[in-house]
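A structural model of the following input is requested.
(4 chains)
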Protein chains: 2
Amino acid sequence: MQHGYDAARMRSIAERAEINKGLLHYYFKSKEALLVEVFGETFSKLFLTIQNVTEEDGNLFDMIGKVVDVYIEFMMDNPQLPTFIIQELNRDPERHIQRMKKASFKFPFVGLDKAMNQAQEDGLVNPEVNSRHFILNLISMTLFPFVAAKMVGFMFKLNDKQYKQFLRERKKEITRTLIASIQA
Amino acid sequence: MQHGYDAARMRSIAERAEINKGLLHYYFKSKEALLVEVFGETFSKLFLTIQNVTEEDGNLFDMIGKVVDVYIEFMMDNPQLPTFIIQELNRDPERHIQRMKKASFKFPFVGLDKAMNQAQEDGLVNPEVNSRHFILNLISMTLFPFVAAKMVGFMFKLNDKQYKQFLRERKKEITRTLIASIQA
DNA sequence: GTCTATATTCAGATAGAC
DNA sequence: GTCTATCTGAATATAGAC
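Reported below is the predicted structural model:
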């Protein structure tokens, strides 16, 4: 996850696991097979985290804050995760998409989507708001600062500690932005 | 740019340039040296594009729409560019940051930052809005759909043509969202 | 400048002793 | 299951003819 598939070395992985290179192959057969395991686990973990939050509550405005909060906290615990997934999907898109279809992964934001429709029916949200763009805005503002951490840190001249603080501030910033953008 | 440094092959590059592998080394010495050229050009191109727009006009609200428009158009012409840059920065952060400092690259959104400060002084924009978060919101909503194109396309069940259309719609969506988020 | 042929290095993978 | 030693292939890089 740290280096991505192509730059990762079976030797380094074995070293870090404090086992032999041969043994690593004994357990996982090939580098590809190891990747499949790691990617599968990583991906489910991420999707399940989202799904849990969006299924809990019915109120859109509460849900937005919760999703952003959980999402950012999760990423701060696993900062290399989004980059890893994106890199992988770009490396071999067809393979991963086939695999996701097979595992019948479904859109993890269904709960949020439903809450949005309900709020629009109730007249609480601007009916012109498109829920796809809204959800993509949420994901973008949340994930991008992790994917591009190095660049953003450089642009804003923030060291690692300051960057973490910046990300914590971002929770309420993103929530505020999203809510302002859907006000009826 | 298509495959990233680690997965790119000197052989394939030579083939696509319709020259010999040896000749490729004759011109660029090493794979690393070739990367430095490509990354440098790519990076300047991107930054200059932004800088041009934010230097033109003084009015914040006009500028937001323009920046988003130019940014998205540019990315639609160079869709692999953001992924390439992000991948590279993650591959060898120190090296690239040193290089950027040396080339005295400066924050390309200064113009936008200034316009924001001015608008806040003039009482046109909510004084509590933090311009860093605002700018990062703009960048995130614009770039993320390119970086994660495969994943988003899969989630929303859009083929390539539909995805392009979706990105075009996004221009006004992003602009609308940003303006709503700073309203005084 | 441009090519062919070759050197070098190193990764992933396997064989086989224990 | 765990290790050492080895195989094989591939990728970058160089040497040298033309």
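
From the centroid of chain A, which residue is nearest?
Relative to the mean C-alpha position of chain A, the nearest C-alpha, by C-alpha atoms, centre = their mean, is the one of residue A:82, at 5.2 Å.

Contacts only, for that residue.
When contacts are counted by C-beta atoms under 8 Å, 6 or more residues apart in numbering or on different chains, residue A:82 touches A:75, A:143, A:146, A:147. For the C-beta atoms, the positions are set from N, CA and C on the backbone; glycine is no exception.

what about the second one, how many neighbours?
When neighbours are counted by other C-beta atoms under 10 Å in any protein chain shown, residue A:143 registers 23.

Name the nearest residue to it, sequence neighbours excluded.
Using C-beta to C-beta, 6 or more residues apart in numbering or on different chains and skipping the chain neighbours, the partner closest in space to residue A:143 is residue A:82 (4.9 Å).

Could you give me the buried positions within the helix or strand of chain A with the lowest mean pLDDT?
Scoring the helices and strands of chain A by mean pLDDT, DSSP states H and E places helix A:93-102 at the bottom, with a mean of 89. Buried residues in helix A:93-102, counted by 16 or more other C-beta atoms under 10 Å in any protein chain shown: A:96, A:97, A:100.

Which ones among the residues you listed also lie next to DNA strand D?
When C-beta under 7 Å from any atom of the strand is applied, no member of those is adjacent to DNA strand D.

So which of these reach chain B?
The subset of these lying close to chain B, counting by C-beta under 8 Å from any C-beta of the partner chain, consists of A:96, A:97, A:100.

so which of the contacts of residue A:82 is the most crowded?
Comparing the contacts of residue A:82 on neighbour count, residue A:147 comes out first with 31 neighbours (neighbours: other C-beta under 10 Å).

which ones are touching it?
Taking C-beta under 8 Å, 6+ apart as the test, what residue A:147 contacts is A:82, A:83, A:86, B:86, B:144, B:147.

For residue A:75, see how far away it is.
Residue A:147 sits at a distance of 10 Å from residue A:75 (criterion: C-beta to C-beta, to the nearest Å).

Please identify the residue most distant from the middle of chain A.
Relative to the chain centroid, chain A (C-alpha atoms, centre = their mean) has residue A:22 farthest, 33.4 Å.

I figured residue A:109 hits residue A:49, correct?
No: no contact is recorded between residue A:109 and residue A:49 when judged using C-beta atoms under 8 Å, the distance being 11.9 Å.
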